[in-house]
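> got a predicted structure here, sequence first:
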Amino acid sequence: MAKVTIPIGPQHPALKEPECFIVTLDGERISHMDMRLGYNHRGVEKACEARTYVQDIYLIERVCGICSHSHSTCFVQAVEEIAGLQIPPRATYIRTLVAELERIHSHLLWLGVAGHEIGFDTLLMYTWRDREAVMDIFAALTGNRVNYGMNTLGGVRRDFTKEQLAEVLKVVDICEERTKYYIEVCTQEPTLINRLTGVGTLSHEDAMRLGTVGPTGRASAVDKDVRRDDPYLAYKDLSFKVIIDNHNDVFGRAVVRVLELMESYKLIREIIAKMPDGPVTVKAPRKIQAGEAFSRYEAPRGEDTHYVKANGTDKPERVRVRAPTMANLQSVAKMLENNNLADVPIAIAAIDPCFSCTDRMIGIRRGRGTGNSMRWDDLRNYGVKWYRKQGIDFTDLNRKLAKKQE
Amino acid sequence: MSALFAIFVFPGFLFLSFLGTAVEYIDRKLYARMQNRIGPPWFQPYADLIKLAAKEDLIPEEANPTMFKIMPVIAMTAVLTAFLHIPLWNSTPLIALDGSVVIIVYLLTIPTLTFFLGGWHSASLYSMIGAVRALTQLFAYEVPLLLSILAPALLAHTWSISEMSEFYSKNPLYALTNSIGFIVAMIALQGKLERIPFDMPEAETEIVGGTFTEYSGRLLAMFRLAIDMETVVGASLIAAVFLPFGLHFGPAVGFALYLVKILGILLLLALLRTVTARLRIEQMVIFCWKYLAPAALIQILLSLTLNWIVK
Amino acid sequence: MNKPGKMVVEVLQNAMHDPATTTYPAVKLVMPDKFRGQIKFHAERCIGCKACERDCPSNAIHITKVGDKMFQADFDLDRCIYCAQCVYSCPKDALEASADFELAQLDRSKLRITYHAVAKKTEPAPIAPSATAEKKPV
């Protein structure tokens, strides 16, 4: 067969969110891959500038469903740093507890999705059934299964009672047993091992050069973890191991995530044992003084960074979100060299892509000189002209719509 | 007149489609229960087929309409014709020919060819890849399947399935020596039916729909019905060749035993589907030629040795 | 160490157990009591400060004055993101998050809910669902 160009996406059963990977095949081998991003761009950063800080917490939280607490905490940390607020220790511990529970649910979700991509639906059903225990505890603790809404400027919104913490420990026990079983399955089931090993290899040098973060990088022996390198929340008082693996392929990424699950269970037990008493919030001002802050957070997918610039009013001047998937996507093209078409879904799923997190506006400056930016009206005119060149004219439709609105 | 009844009603088209949909329901229910879910209700296959039949058939502009439309019909015809040669509850099938085992296996190859041709003439990228994979898979499992069915035929000294059943009913212990062949035939049947772990031609997460990407409406309903019927025919073939017990108890008991055998084979197939992941196409070819074909050859050697000993 | 068919035992055991899924609309799901579902408004406690309206991220709540110390609240259920920030912003506890989550409608206009104003009593009354918030779709 001659060379064929196949689009994986934007709509494809392998991808949970739209993204376009244009793959050139030679038989079943991949010879070249192109990527197009931006299908999930919602204008979150611009919307943040028109809303107050309190409203922005909820907007930023909904950047992603799975790592919602990561984005919310990262943003609130940046704002609290600008305002110079010291949040009470019980609030940091509660935030850390929710963060580790979120890591558990995200990694269990990833395990299921990886199983689904290689056709192993049984693993999907089992891991998502166990994840339901975590979701139920979230619903009881925070009021919702995703988008927990725990953070507020100056602390957390809800306090946890001793009974609720005992429930959390029970859930952790159940999940730990099931995770041990999944470790066994991942290391012993031959079809699984055959599909995961040797796929999507990324050497250590390439991983460092392309800037991979999170479990994707740690599976290629990139020893970076924000919880240890730049401790935030309660992590300086907690002891945990950073999982480094040197398989360099999808199997290594699976191993890293599953072992991180075990570390998270230990961390949660330690957090609950060490949780101090006290208030859970301090009063925060409505208007944040001028300043800027850059905050980092270890989301389940890697290093999440937020930049906030305040100007003395109650609305931020600029909010910039860089999700971990943005850093990891650069390495997908390198990973898939010399792999088969059958490996594309699992290799893409192995970086744990969250394209809703990723799609922000990026301006690339080529060489010297300023970038090329358009005003809103210019953009609209450009779009109309482009469609007219293709032979599609919207003027009739616009006239009909205008008449209907009158 | 009775020939038309046999072809269209019993054990012909209506009976086979009824059994095929029942088998699909049981398979999906077992799959779901093993995954700790509830699973579909009993009428789900009918609901699927009726819904598909009610939808519009969309034929891609660049596809060849005649070939596109005729492939599902050929698939169903081939499967039905194969079914008429298999003995169900006693040792005489509807059409008893000399060499019927070869005819059955040959007729069962035709559906796979129709998948390939249907995918190829769909003129879509995904379906072309799926079609090529279907044909590659054919080269992998067909030889072990035929070899594993050859072994009992060798022991019985005949190619006719009715005479094979008679031979094994008289000497039931010989059927136990075909166990390796039974396992090889089960795995090869999983490959023929394109179920996980040999799901590559229709890998949903890789190539959207594979060979069936462009099919919709009535044509897809016919293809799905053809696959269901192929499941029944494959299971019946294995039951007739490797499990020839209880063939002389009369039609009612024999039919009940036939259903039990089909259910047992289905349970094993569903179990295989649940506990494995999908293989890559080259891994499957390597697996079939490295493990399945030698196992079938060992089975043939065993049968030949037994032949020589008994003589 | 490769064990083909590693999951067979577990899978067969699970086939004997009860399924983990439920037939949802036939079997009702009850959320825990602190669940953030639909927001309910107690009109007799509202003082019209509009803190909830200011803090709502999606402009889903509007308080209007209909008389002396009588305020009515209009909710857009399709705009609300159920974050319960209004519940925390209210200084008089006039808003409460209920556990009601089955809010889908076929008609868009039914998603606009109005809680009518209630004349304030001199002593605080016990909260009886029928006597306080009167829910009438507009």
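Received the coordinates, thanks. Owing to the predicted nature of the structure, the values given are computational and were not obtained by experimental measurement. Numbering: from 1, shown residues only, chains lettered A, B, ... in the order given.
> what's the weakest-modelled helix or strand in chain B?
helix B:204-207 (a mean of 72; mean pLDDT, DSSP states H and E).
> could you do chain C as well?
Per mean pLDDT, DSSP H and E, strand C:135-137 ranks last in chain C, at a mean of 42.
> next up, the contacts around residue 74.
Looking at chain A here, since you left the chain open. Neighbouring residues of A:Cys74 by C-beta atoms under 8 Å, 6 or more residues apart in numbering or on different chains: A:Ser295, A:Arg296, A:Tyr297, A:Ala299, A:Asp304, A:Thr305, A:His306. Where C-beta positions appear, they are placed from N, C-alpha and C, glycine not excepted.
> actually it's chain B I care about, not the one you picked
B:Ile110, B:Thr114.
> look up how far chain A lies from it.
25 Å (C-beta to the nearest C-beta, to the nearest Å).
> which residues sit in contact with C:Ala73?
Per C-beta under 8 Å, 6+ apart, neighbours of C:Ala73: C:Phe41, C:Ala43, C:Cys46, C:Ile61, C:His62, C:Ile63, C:Thr114, C:Tyr115.
> how about the last one: what's its closest non-neighbour residue?
For C:Tyr115, the nearest residue in space outside its immediate sequence neighbours is C:Phe41; the separation is 4.0 Å by C-beta to C-beta, 6 or more residues apart in numbering or on different chains.
> the second one too?
Setting aside the residues directly before and after it, C:Ala43 is nearest to C:Val118 in space (C-beta to C-beta, 6+ apart), at 4.3 Å.
> for that neighbour, grab phi and psi.
The phi/psi pair for C:Val118 (degrees, to the nearest 10) reads phi -130, psi 140.
> what does the model give it for pLDDT?
Reported pLDDT at C:Val118 in the predicted model: 77.
> isn't it up against C:Phe71?
No - checked against C-beta atoms under 8 Å, the pair C:Val118 and C:Phe71 is beyond contact range at 9.4 Å.
> tell me the secondary structure for B:Tyr46?
helix (DSSP: H, G, I helix; E, B strand; the rest coil).
> contact partners for it?
Per C-beta under 8 Å, 6+ apart, neighbours of B:Tyr46: B:Thr21.
> for the stretch 101-250 of chain A, what lies in contact range of chain B?
Within the stretch 101-250 of chain A, the residues that sit near chain B (C-beta under 8 Å from any C-beta of the partner chain) are A:115-123, A:125-126, A:129, A:189, A:191-192, A:194-195.
> show me which of those are buried.
In these, burial by neighbour count holds for A:115-123, A:125-126, A:129, A:189, A:191-192, A:194-195, counting by 16 or more other C-beta atoms under 10 Å in any protein chain shown.
> neighbours around the residue in chain B that chain A sits nearest to, how many?
Nearest to chain A, among the residues of chain B, is B:Arg278, at 2.9 Å (C-beta to the nearest C-beta). Counted with other C-beta atoms under 10 Å in any protein chain shown, the neighbours of B:Arg278 add up to 24.
> check B:Leu272 too.
19.
> could you find the closest non-adjacent residue to it?
Once flanking residues are discounted, B:Leu272 sits nearest to B:Gln190: 5.7 Å by C-beta to C-beta, 6+ apart.
> what's the helix or strand for the one you found?
Using DSSP states H and E, B:Gln190 sits in helix B:179-192.
> would JSON lines of the contacts of A:Cys74 with distance to B:Phe255 and pLDDT be doable?
Supplementary listing: those in JSON lines, determined by distance: C-beta to C-beta, whole Å; pLDDT from 0 to 100:
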{"residue": "A:Ser295", "distance to B:Phe255": "72", "pLDDT": "93"}
{"residue": "A:Arg296", "distance to B:Phe255": "70", "pLDDT": "92"}
{"residue": "A:Tyr297", "distance to B:Phe255": "66", "pLDDT": "92"}
{"residue": "A:Ala299", "distance to B:Phe255": "61", "pLDDT": "92"}
{"residue": "A:Asp304", "distance to B:Phe255": "64", "pLDDT": "90"}
{"residue": "A:Thr305", "distance to B:Phe255": "69", "pLDDT": "91"}
{"residue": "A:His306", "distance to B:Phe255": "70", "pLDDT": "92"}
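> I'd like to know which of those residues is nearest to chain C.
Of the contacts of A:Cys74, the one sitting nearest to chain C (C-beta to the nearest C-beta) turns out to be A:His306, at 17.3 Å.
> any weak-confidence spans in chain C?
C:1, C:120-138 (pLDDT under 70).
> where do the helices sit along the stretch 201-350 of chain A?
A:204-210, A:214-218, A:226-229, A:250-274, A:324-329, A:332-335, A:344-350 (DSSP state H, counting those that start in this stretch).
> chain C too?
Shown for chain C, the helices assigned by DSSP state H span residues C:8-16, C:51-55, C:85-89.
> what's the closest non-adjacent residue to residue 164?
Picking chain A for this. A:Leu141 (5.7 Å).
> my question was about chain B
When the adjacent residues along the chain are set aside, B:Met164 lies closest to B:Ala156, with 4.5 Å between them (C-beta to C-beta, 6+ apart).
> look at that neighbour and report its pLDDT.
pLDDT at B:Ala156 comes out at 85.
> same thing with A:Ile57?
91.
> which of the residues in the helix or strand it falls within are buried?
Following DSSP H and E, one finds A:Ile57 within helix A:53-61. Within helix A:53-61, the residues scored as buried using 16+ other C-beta under 10 Å are A:Tyr53, A:Val54, A:Gln55, A:Asp56, A:Ile57, A:Tyr58, A:Leu59, A:Ile60, A:Glu61.
> which of those residues lies closest to C:Ala94?
Distance to C:Ala94, by C-beta to C-beta, is smallest for A:Val54 among these, at 18.3 Å.
> need the max-distance pair from the buried residues of helix A:53-61.
A:Tyr53 and A:Glu61 (12.9 Å).
> spit out the contact partners of the spatially closest residue to A:Ala221 that is not a sequence neighbour.
Once flanking residues are discounted, A:Ala221 sits nearest to A:Asn246: 4.5 Å by C-beta to C-beta, 6+ apart. Shown in contact with A:Asn246 (C-beta under 8 Å, 6+ apart): A:His204, A:Ala219, A:Ser220, A:Ala221, A:Gly252.
> surely B:Leu263 meets B:Ile26?
Yes - B:Leu263 is within contact range of B:Ile26, at 7.0 Å (criterion: C-beta under 8 Å).
> have a look at the two and say which one is more surrounded.
Legend: neighbour count by other C-beta under 10 Å for B:Leu263 and B:Ile26, higher for B:Ile26 (18 against 14).
> list the contacts of residue 121.
Assuming you mean chain A. A:Asp121 neighbours (C-beta under 8 Å, 6+ apart): A:Gly115, B:Gln35, B:Ile196.
> um, chain B though
B:Ala63, B:Asn64, B:Met67, B:Phe68, B:Met71.
> just the ones of the residues you listed in helices?
Per DSSP H, the subset of those in helices is B:Met67, B:Phe68, B:Met71.
> that older thread, make TSV from the helices of chain C and add distance to chain A and mean neighbour count to it.
Supplementary listing: the helices of chain C in TSV, determined by distance: least, C-beta to the nearest C-beta, whole Å; neighbours: other C-beta atoms under 10 Å in any protein chain shown:
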stretch	distance to chain A	mean neighbour count
helix C:8-16	7	15
helix C:51-55	5	19
helix C:85-89	6	20
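> any chance of those in a markdown table, plus distance to chain B?
As requested, the helices of chain C are exported to a markdown table (distance: least, C-beta to the nearest C-beta, whole Å):
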| stretch | distance to chain B |
| --- | --- |
| helix C:8-16 | 4 |
| helix C:51-55 | 42 |
| helix C:85-89 | 37 |
